[in-house]
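Chemist: Sharing a model that was predicted from the sequence below.
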Amino acid sequence: FFFQAEDGIRDSSVTGVQTCALPISFNSVSGDATLSSSGVLAIGASKVTNAMLAGSIDPGAKLATTRTSYTPTVTASSGAFTTVSASGSYYDVGGVRFVDMTITITTNGTAAGLVRATLPSTPAADFNNGMGRETAVAGFMCGAYGFASTNNLSIFKLADSSYPGGNGYVINCQVYYRLS
């Protein structure tokens, strides 16, 4: 198979029509996709390694993940919330836990500094991290971090590392970390 220069492959020092021969070959596999707890992807009876997956994927197909609900405890690094609530869920893939949480600050009270929320388990290694967004009032991006010694996640305003809370704020946050 050949591409011509009109296809965008051209050496800057060559004029006229230039071609480039590219080897094109692939192996095709089909079947149900599974992901083991060690992170190995298998399609049918074939293990997929060092490959690029392409082709059509059934939009209704999902990785075999089971979400578990939990209720994060929310505090501030200083002061206290008057009214705050939270909900969360998580699932595990290949030794990594993925967590989604929503924190609703109805009345901020004296809370300041960082918003802290508990994770469903203590991470195995330092530096679990995540991102989020305030979705009800101001719409800013949030960052989140934590350490292996605790199951607390610290959430801050991404633009300037300031306090991300306020009356009526809703923070949606996603974080991932390695399991022990």
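Modeler: Now that the structure is in, tell me what you want to look at. Numbering: from 1, shown residues only.
Chemist: Give me the next element, helix or strand, following the helix or strand harbouring Ala117.
Modeler: Taking DSSP states H and E as the definition, Ala117 sits inside strand 112-118. Sequence-wise, the next helix or strand downstream of strand 112-118 (DSSP H and E) is strand 128-134.
Chemist: Going by contacts, tell me the helices and strands next to that following strand.
Modeler: With contacts taken as 3 or more CB pairs under 8 Å, 6 or more residues apart in numbering; DSSP states H and E, strand 128-134 sits against strand 141-146, strand 152-157, strand 169-178. In short, each C-beta sits where N, CA and C put it, glycine included.
Chemist: what's near enough to touch Thr135?
Modeler: Under the criterion of CB atoms under 8 Å, 6 or more residues apart in numbering, the neighbours of Thr135 are Val170, Ile171, Asn172.
Chemist: Show me which of these are buried.
Modeler: Ile171, Asn172 (16 or more other CB atoms under 10 Å).
Chemist: Can I get the contacts of Thr135 in a markdown table including pLDDT and distance to Ser78?
Modeler: A markdown table is the format used below for these (pLDDT from 0 to 100; distance: CB to CB, whole Å):
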| residue | pLDDT | distance to Ser78 |
| --- | --- | --- |
| Val170 | 98 | 21 |
| Ile171 | 97 | 17 |
| Asn172 | 97 | 23 |
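Chemist: how much does the strand holding Ala117 deviate in direction from strand 141-146?
Modeler: Here strand 112-118 runs at an angle of 60 degrees relative to strand 141-146 (axes from the mean of the first three to the mean of the last three CA atoms, to 10 degrees).
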